[in-house]
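S.K.: quick one, structure for this:
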Amino acid sequence: MTTEQVIELVVAERERQIAKWGKQNLKLYFWILILQEELGEVAKAIIDEEPKENLLNEAVQVTAVAVQMCEWASELVGWPCNSREVLKLVFTGWKLSDGLPMNAHLEITTQIGMLCAEKKDNIFQEAEFASNYLKRIVFNGCLLIYRLSKQQQHEL
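M.R.: Model prediction:
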């Protein structure tokens with residue numbers, strides 16, 4: 001799977017989310033809870049040894065939620081952007097690489113923990129603070145998709 005294919009999967013999922021839920025404007029802690037729930041579905045799919053397609057779908061959903069969080073944060077800080085623009089920014093200077101999918105999953109977990117580590121005084125400060133971690137979460141979500149696409153089911 002190429003970077004462009006990963007991006008297309010995430011953009012298509014964002015379009016599906018928008019069609020189903022509309023544009024969401026939530027507080028940061030709600031976003032974090034949604035992101036954690038989606039990441040938990042990836043872990044459950046691994047534990048339950050679900051088919052690779054299901055696992056990839058769950059990883060795409062995690063990444064799309066993180067992209068949606070970036071869209072939310074960017075709008076609040078005054079530089080609104082869409083899914084493709086978020087992904088373009090994320091891939092500036094970063095490149096997908098081979099490795100264990102679990103490492104990308106753990107990095108997402110770490111970045112979510114960093115988001116929870118500091119409370120900001122207002123939603124603007126939260127959005128500005130969160131954007132640094134969200135870019136890493138989006139990248140690692142894309143990395144998770146990429147690495148899962150290359151793994152055989154028994155290697156997960």
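S.K.: please count neighbours and contacts with C-alpha atoms only from this point.
M.R.: Will do.
S.K.: for the longest helix anywhere in the chain, which positions count as buried?
M.R.: Once the chain is assigned using DSSP state H, the helix that runs over the most residues is helix 123-150. By 16 or more other Cα atoms under 10 Å, the buried positions in helix 123-150 come out as 124, 126-131, 133-149.
S.K.: gap between it and the chain center?
M.R.: The chain centroid and the centroid of helix 123-150 are separated by 5 Å under Cα atoms, centre = their mean, to the nearest Å.
S.K.: equivalent analysis for stretch 19-36, please.
M.R.: Taking mean C-alpha positions (Cα atoms, centre = their mean), stretch 19-36 and its chain are 12 Å apart.
S.K.: from the contact counts, what lies against the longest helix of the chain?
M.R.: Counting contacts by 3 or more Cα pairs under 8 Å, 6 or more residues apart in numbering; DSSP states H and E, helix 123-150 packs against helix 3-21, helix 28-47, helix 52-76, helix 83-90, helix 101-116.
S.K.: report the angle between that helix and helix 28-47.
M.R.: Going by axes from the mean of the first three to the mean of the last three Cα atoms, to 10 degrees, helix 123-150 is angled at 10 degrees with respect to helix 28-47.
S.K.: mean confidence score for helix 123-150?
M.R.: In this model, helix 123-150 has a mean pLDDT of 87.
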